[in-house]
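> generate coordinates for the sequence data below:
(one chain, ligands or ions: 1)
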Amino acid sequence: MEFSSKLLENAVYEMSQLPGIGKRTALRLVLHLLKRPTEQTQKLTLALDHLRNDIKFCTNCHNISDVEVCEICASPRRDRSLVCVVEDIRDVMAIENTSQYKGLYHVLGGKISPMEGVGPQDLTIGPLVEKVKKGEIKELIFALSSTMEGDTTNFYIYKQLEGLDVNTSTIARGISVGDELEYADEVTLGRSIVNRIPFENSLKAN
Ligand SMILES: [Zn+2]
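Next up is the predicted model:
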């Protein structure tokens, strides 16, 4: 792609670094911003700046939050003995949308994936095990996507919990295999949380 302007080329290059944005789309977006009032671009860059500089992660569940302890963890109405283990904030949002779950969450920040160089130490598995050791959690619900990486991560955590006094369960795999949790419809996802099964049973099924 030949550019008549270095400024334009730089902007397109940076935009094209985003996932799913090719050079052509990047050019379209940049030209669109140029046509719009300057304030629109300023609002966008300000919002991104604030996001990067001010974002926090809940010290308890590691979910993205504007404050030290997120709203879910701070709520007195949530069942603190129940913790749902998820990959990222999209899963929290999907499960919250079902209105079927009243426990807390633990956000891992990804899945174990040797292919992508993600090991257990890159995720919040250590803090999760420490939390369980405190003894307040009665049940951990694994709600990772049913991919090989999801299964590996579940099993790794399960092994780390050996000897600890906690029940483990997994959301019923009625939701189609391989689908990311965020795409499951609310009714199906809600039902799969309510009808969750002991984790040991899911191992026997494999
Ligand atoms: Zn939290």
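> nearest residue to I171 in space, please, no chain neighbours.
Spatial nearest neighbour of I171, excluding adjacent residues (CB to CB, 6 or more residues apart in numbering): S192 at 4.4 Å. (Each C-beta comes from the backbone N, C-alpha and C, glycine too.)
> grab the nearest non-local neighbour of L104.
Nearest residue to L104 in three dimensions, chain neighbours excluded: V83, at 5.2 Å (CB to CB, 6+ apart).
> helix/strand/coil for the one you found?
Using DSSP: H, G, I helix; E, B strand; the rest coil, the structure places V83 in strand.
> now swap in I141 and tell me
strand.
> what is the neighbour count of it?
22 (other CB atoms under 10 Å).
> surely it meets V86?
No: look at I141 against V86 with CB atoms under 8 Å: they stay out of range, at 9.1 Å.
> what pLDDT does the residue positioned nearest the centre of the chain get?
Closest residue to the average C-alpha location of the chain: D88 at 0.7 Å, with CA atoms, centre = their mean. D88 carries a pLDDT value of 91.
> report the backbone C-alpha coordinates of stretch 6-22 in PDB.
Below are the C-alpha coordinates for stretch 6-22, written out as PDB (Å, rounded to 0.1, in the frame of the first residue of the first chain):
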ATOM      1  CA  LYS A   6       3.700   9.600   6.400                       C
ATOM      2  CA  LEU A   7       1.200  10.700   9.000                       C
ATOM      3  CA  LEU A   8      -1.600   8.700   7.300                       C
ATOM      4  CA  GLU A   9       0.700   5.700   6.900                       C
ATOM      5  CA  ASN A  10       1.600   5.700  10.600                       C
ATOM      6  CA  ALA A  11      -2.000   6.000  11.700                       C
ATOM      7  CA  VAL A  12      -3.100   3.200   9.400                       C
ATOM      8  CA  TYR A  13      -0.200   1.000  10.600                       C
ATOM      9  CA  GLU A  14      -1.100   1.400  14.300                       C
ATOM     10  CA  MET A  15      -4.800   0.800  13.600                       C
ATOM     11  CA  SER A  16      -3.900  -2.400  11.700                       C
ATOM     12  CA  GLN A  17      -2.200  -3.800  14.700                       C
ATOM     13  CA  LEU A  18      -5.600  -4.400  16.300                       C
ATOM     14  CA  PRO A  19      -7.000  -8.000  16.000                       C
ATOM     15  CA  GLY A  20      -9.300  -8.500  13.000                       C
ATOM     16  CA  ILE A  21      -8.300  -5.100  11.400                       C
ATOM     17  CA  GLY A  22      -6.500  -5.500   8.100                       C
END
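> can you give the distance of that stretch from its chain's centre?
26 Å (CA atoms, centre = their mean, to the nearest Å).
> CA-only coordinates of stretch 117-134 in PDB, if you can.
C-alpha atoms of stretch 117-134 as PDB (Å, rounded to 0.1, in the frame of the first residue of the first chain):
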ATOM      1  CA  GLY A 117       3.600 -19.800  25.500                       C
ATOM      2  CA  VAL A 118       1.000 -19.400  28.300                       C
ATOM      3  CA  GLY A 119       1.900 -21.400  31.400                       C
ATOM      4  CA  PRO A 120       0.200 -21.700  34.800                       C
ATOM      5  CA  GLN A 121       2.500 -18.900  36.200                       C
ATOM      6  CA  ASP A 122       1.100 -16.500  33.700                       C
ATOM      7  CA  LEU A 123      -2.400 -16.900  35.100                       C
ATOM      8  CA  THR A 124      -3.900 -16.200  38.500                       C
ATOM      9  CA  ILE A 125      -3.900 -19.800  39.500                       C
ATOM     10  CA  GLY A 126      -1.600 -19.300  42.500                       C
ATOM     11  CA  PRO A 127      -3.800 -16.600  44.100                       C
ATOM     12  CA  LEU A 128      -6.900 -18.900  43.500                       C
ATOM     13  CA  VAL A 129      -5.300 -21.800  45.300                       C
ATOM     14  CA  GLU A 130      -4.300 -19.400  48.200                       C
ATOM     15  CA  LYS A 131      -7.900 -18.200  48.400                       C
ATOM     16  CA  VAL A 132      -9.200 -21.800  48.600                       C
ATOM     17  CA  LYS A 133      -6.700 -22.600  51.400                       C
ATOM     18  CA  LYS A 134      -8.300 -19.900  53.500                       C
END
